[in-house]
Each structure stands twice: as C-alpha cells, then as structure tokens.
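Chemist: sequence and predicted model, in that order:
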Amino acid sequence: PNPDTDRHTLEWTTQGTDLRILALEALSDPRLVDGRVGRFEVNGNAVLTDFVVEASSLHDPSQSKRLRFAWCWADAEQANGDFRITNALDQDPASGWAVDGHKRQDSRVAFFLSEEPFGWEGGTRLKVELGYQSIHRRHTFGRVRLSAAQVAPQALERWPTHSSVWFAMGPFQGGSEPLY
C-alpha cells in the first residue's frame, strides 16, 4: 500500500571525512506507473516535503549533528506552482519539491551542500529522512539512491551563492544608455 503521507528513513555508513555534499537520486523504475520515479498511481509523480540528515560518529555516537544546508540544486522542478528544491529544506509540510513526474519518465537528481564539513575518523552513520507530507496524497518516491562526497576548496570558492532563473552575461559594451 501507498499511504496518503509517508516518511522514509534511510541509514548508511561511510568512512569519508570532510564531506560536504549529498546527492539524492530518484530513480525511474519499470515497476512504477509508466516507469516513472513516483508511486502516485495516477501519473507517477512525487513531492518531497522534507530532507533531514543526521550525521553521527560510529566510534562515539554522542558526537552527532543535524546537517544544515547552504545550497541545493535539482535537475528538474515542476513548473506549475512553487515546487522548487529549496522547499524540501524549509520544514513546511505545505511546500515541497515536485519532480514533474507526471510529464517526465527519467530519473531525477538533487544535490545538497552542507554548511559545514561532516564525517568522523573511524566512520560516520548518516540517517536521512525523506518526508512526503504534501496535500498531494501518495506522492512518494519509489526508488532512491543517496551518496555523499567531498568538495574541493577551489570548487567551494566558485560555488554560486544564489540561484535563480535570471542570468547575466557580459562584458557589456556601449554607452550610458539603459540596457533595458
């Protein structure tokens, strides 16, 4: 059965240290509606309302922290409403990241950059909670894959601090007239 709302908890361990980024892949699956990523029986869509991560030391479980994210990006966001990936981080069950599963059959990916490095010597347990509390009932992922990685300091220096659908290009040549 696919309940109206749900919460999936995934745990794994890693020996990685100084980790900064998590990748969440929603995988298309031929067992789901039209081979899509979501379990909604009508069209295979999904809406992720929460992405919560706890990291703890395997050597000393009293050392743990809930990760805070400075940046996130997704390869697809549903356009008919406010369904941005950032909504998965706002702790508001009324908002969420919708993956356009009713229109696209391919897998999705989202990246989350933590504010601080995580990962302890001796190993780290990562506990990830995926929340599906949307008003759109039964919109859960069918299959996911999670991974964690380091980010080179040079890459962090070039990381975007803000993302939007607006882009600027240049250098602009010309006089003092307004560009628009």
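Modeler: Okay, I see it.

Chemist: neighbours around Asn87, how many?
Modeler: 23 (other CB atoms under 10 Å). Any C-beta I mention is one placed from the backbone N, CA and C, and that applies to glycine too.

Chemist: before we move on, what about Asn80?
Modeler: 9.

Chemist: so it is in which element?
Modeler: Under DSSP states H and E, no helix or strand contains Asn80.

Chemist: which secondary structure element contains the residue nearest the centre of the chain?
Modeler: Centroid-nearest residue in the chain: Ala110, 4.0 Å away (criterion: CA atoms, centre = their mean). Here Ala110 is covered by strand 108-118, with elements defined by DSSP H and E.

Chemist: other SSEs contacting that strand?
Modeler: strand 19-26, strand 50-57, strand 69-74 (3 or more CB pairs under 8 Å, 6 or more residues apart in numbering; DSSP states H and E).

Chemist: contacts for the first one?
Modeler: In this case it means strand 19-26. Identification of contacts with strand 19-26 by CB atoms under 8 Å, 6 or more residues apart in numbering yields 37-38, 46, 51, 53, 67, 99, 107-114, 117-119, 124, 126, 128, 130, 141, 143-151, 156.

Chemist: after that strand comes which helix or strand?
Modeler: Where DSSP H and E defines the elements, the next helix or strand beyond strand 19-26 is strand 47-48.

Chemist: sheet partners, orientation included, of that next one?
Modeler: Strand pairing for strand 47-48, determined by DSSP bridges: strand 97-98 (antiparallel).

Chemist: pLDDT of the strand it pairs with, averaged?
Modeler: Averaged over strand 97-98, pLDDT sits at 96.

Chemist: ok, stretch 142-157 next?
Modeler: Computed over stretch 142-157, the mean pLDDT rounds to 94.

Chemist: for it, measure first residue to last.
Modeler: Using CA to CA, to the nearest Å, the end-to-end distance of stretch 142-157 comes to 36 Å.

Chemist: what do you get for stretch 12-29?
Modeler: End-to-end distance (CA to CA), stretch 12-29: 22 Å.

Chemist: with stretch 78-93 instead?
Modeler: For stretch 78-93, the first and last residues are 17 Å from each other (CA to CA).

Chemist: mind listing what's buried in it?
Modeler: Residues of stretch 78-93 classed as buried: 78, 83-89 (neighbour count, 16 or more other CB atoms under 10 Å).
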